[in-house]
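Student: This is the structure alone, sequence omitted:
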């Protein structure tokens, strides 16, 4: 069969790689690069050029089994490092370091009476959260879950909410409406398992190295970048896809590896797609702005408090910064920033991303979309289609649809 994959992010690339031995596959990507949220940029400063992942960056191998097996199949190397975290308050200067055991010793203030009480309450919260993740309930908000936990108000305000919001960097009012299942599962999957840091993995050369390896493995796939789809219409037995270059491609099946809003827009004039467009319209998105920069003001005041992941609490909102010990005289950071605030200086790169707002309606839409997969030869892949929003789910979404389109795929057998 002729299969068109619209979108060259991780889900689209993985789907094409899995399908290529069984079908005639074409990827159509509107940007001039592949990878989607796997996006490595260059920070050029005085004495060096530093590669920084502005989107997806690091992971835990056993938490990302499909992605890890994909990297194994592509022979992409990884390196490991201890994940440390600092939560600090812009106004007061208060600092919490999680976990308290660091590579260079303990952060002893964590064992002061108030901080110790926070650690104990956090342990209780994590146990309660683990039970919530195992339940089938996707309707409870994180705000309601926290309200039902027996926690001190001070702990909630001075640690728990600032800590949790650091993973999404949205205003607290919006965060409270997110699904408790989503927030708690993400924390449960990635949290430390004791007083020492959890070991994470990253890809040398950035995620661009894995995207390049995947692109090179597409030996039987036709890839078009910089090709914005202008119109899709039904033909006798399939679809005609017209792109901005004036060309037209014919397909029997279409895989939409874009976000839900883009897929809905592309299907606007496709006959019989009304039902699936109604479901796609239920998925909501929020924007994040990522700055790659060299501005120390977005980090804790004391360099001894710097961690890999740093959460800055300011005016009912957490903003996070990633820092790694580069071999350069000037540090380079990646920060979630307020689009309307003055940009950090020096600024090397600025990127906007769209992320699903995962609430009860999100999971209801997932179930409805799953029931429509493959109808009228229309398929949908991407992290938004599978459980919570993370890179592993993008890979799993590709695996799921290929099980139906090419169950005997040799590459599929390598990932499952």
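Tutor: Arrived safely. Note that the coordinates shown come from a computational prediction; the quantities given were computed from them, not determined experimentally.
Student: And the helices in the stretch 51-200 of the chain?
Tutor: 65-74, 113-134, 142-148, 153-155, 161-165, 172-175, 180-190 (DSSP state H, counting those that start in this stretch).
Student: What residues does the closest residue in space to residue 256 that isn't next to it in sequence make contact with?
Tutor: Of all residues beyond its chain neighbours, the one nearest residue 256 is residue 263 (4.0 Å), with distances taken as CB to CB, 6 or more residues apart in numbering. Any C-beta I mention is one placed from the backbone N, CA and C, and that applies to glycine too. Under the criterion of CB atoms under 8 Å, 6 or more residues apart in numbering, the contact partners of residue 263 comprise 6, 256, 280, 380.
Student: and the second one, how many neighbours?
Tutor: Summarising burial for residue 256: neighbours were counted as other CB atoms under 10 Å, giving 26.
Student: ok, now residue 288?
Tutor: 17.
Student: Return the distance of it relative to residue 172.
Tutor: Plainly put, residue 288 is 16 Å away from residue 172 if you go by CB to CB, to the nearest Å.
Student: ok so, going back, quick one: which of the contacts of residue 263 is nearest to residue 89?
Tutor: If you rank the contacts of residue 263 by distance to residue 89 using CB to CB, residue 280 comes first, at 40.0 Å.
Student: Which of the three states applies to the residue of the chain positioned farthest from its centre?
Tutor: Here the chain has its C-alpha centre computed as a mean, and the residue farthest from that point, by CA atoms, centre = their mean, is residue 236 with 38.1 Å. Recorded secondary structure, residue 236: coil (DSSP: H, G, I helix; E, B strand; the rest coil).
Student: what do you get for the one 10 residues further on?
Tutor: The three-state label given to residue 246 by three-state DSSP is coil.
Student: For it, give me phi and psi.
Tutor: Here the main-chain torsion angles of residue 246 (degrees, to the nearest 10) amount to phi 90, psi 0.
Student: quick one: which helix or strand includes residue 366?
Tutor: Here residue 366, judged by DSSP states H and E, is contained in helix 360-372.
Student: Sheet partners, orientation included, of the following helix or strand past that helix?
Tutor: Sequence order places strand 378-380 as the next helix or strand after helix 360-372, per DSSP H and E. Each strand pairing with strand 378-380, determined using DSSP bridges, is listed with its direction: strand 253-256 (parallel).
Student: can you pull the buried residues of the partner strand?
Tutor: Of the residues in strand 253-256, those scored as buried under the neighbour-count criterion (16 or more other CB atoms under 10 Å) are 253-256.
Student: now do stretch 186-193
Tutor: Within stretch 186-193, the residues that qualify as buried by neighbour count (16+ other CB under 10 Å) are 186-187, 189-192.
Student: can you check stretch 112-131 too?
Tutor: Of all the residues in stretch 112-131, those buried under the rule 16+ other CB under 10 Å are 115, 118-119, 121-122, 125, 128-129.
Student: can you give me the strands in the stretch 251-400 of the chain?
Tutor: For the stretch 251-400 of the chain, the strands defined by DSSP state E, counting those that start in this stretch cover 253-256, 285-293, 309-313, 318-323, 333-337, 347-356, 378-380.
Student: Let me have these in CSV, adding mean pLDDT and distance to residue 370 as columns.
Tutor: Written out in CSV, the entries for these read as follows (pLDDT from 0 to 100; distance: least, CB to CB, whole Å):
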stretch, mean pLDDT, distance to residue 370
strand 253-256, 98, 14
strand 285-293, 97, 19
strand 309-313, 97, 33
strand 318-323, 97, 32
strand 333-337, 97, 31
strand 347-356, 96, 15
strand 378-380, 98, 9
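Student: Rebuild these as JSON lines, extending it with distance to residue 202.
Tutor: Converted to JSON lines, these look like this (distance: least, CB to CB, whole Å):
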{"stretch": "strand 253-256", "distance to residue 202": "29"}
{"stretch": "strand 285-293", "distance to residue 202": "16"}
{"stretch": "strand 309-313", "distance to residue 202": "13"}
{"stretch": "strand 318-323", "distance to residue 202": "11"}
{"stretch": "strand 333-337", "distance to residue 202": "13"}
{"stretch": "strand 347-356", "distance to residue 202": "18"}
{"stretch": "strand 378-380", "distance to residue 202": "29"}
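Student: Contact partners for residue 99?
Tutor: Residue 99 neighbours (CB under 8 Å, 6+ apart): 84, 192, 194-197.
Student: before we move on, back to that, quick one, phi psi at the residue farthest from the centre of the chain?
Tutor: Torsion angles at residue 236 (phi, psi; degrees, to the nearest 10) stand at phi -50, psi -50.
Student: tell me the pLDDT at it?
Tutor: As predicted, residue 236 sits at a pLDDT of 85.
Student: In contact with it, which residues?
Tutor: Under the criterion of CB under 8 Å, 6+ apart, residue 236 has no contact partners.
Student: distance of it from residue 198?
Tutor: When distance is defined by CB to CB, residue 236 is 54 Å away from residue 198.
Student: cool, residue 68 as well?
Tutor: Here residue 68 is placed at a distance of 15 Å from residue 198 (CB to CB).
Student: Check residue 56 too.
Tutor: The gap separating residue 56 from residue 198 is 17 Å, by CB to CB.
Student: These two: which is more packed in?
Tutor: When residue 56 is set against residue 198 and neighbours are counted by other CB under 10 Å, the residue ahead is residue 56, at 21 against 16.
Student: Number of residues surrounding the closest residue to residue 39 other than its chain neighbours?
Tutor: In this structure, residue 39 finds its nearest non-sequential neighbour in residue 55, 4.4 Å apart by CB to CB, 6+ apart. Here the count is done by other CB under 10 Å, and residue 55 has 20 residues near it.
Student: between the strands of the stretch 251-400 of the chain, which one is nearest to residue 372?
Tutor: With CB to CB as the yardstick, what comes closest out of those is strand 378-380 (7.7 Å).
Student: Could you tell me how far the closest one lies from the centre of the chain?
Tutor: Put simply, strand 378-380 sits 21 Å off its chain's centre (CA atoms, centre = their mean, to the nearest Å).
Student: Residues contacting it, please?
Tutor: 253-256, 260, 263, 267, 273, 276, 280, 369, 372-373, 397, 401, 405.
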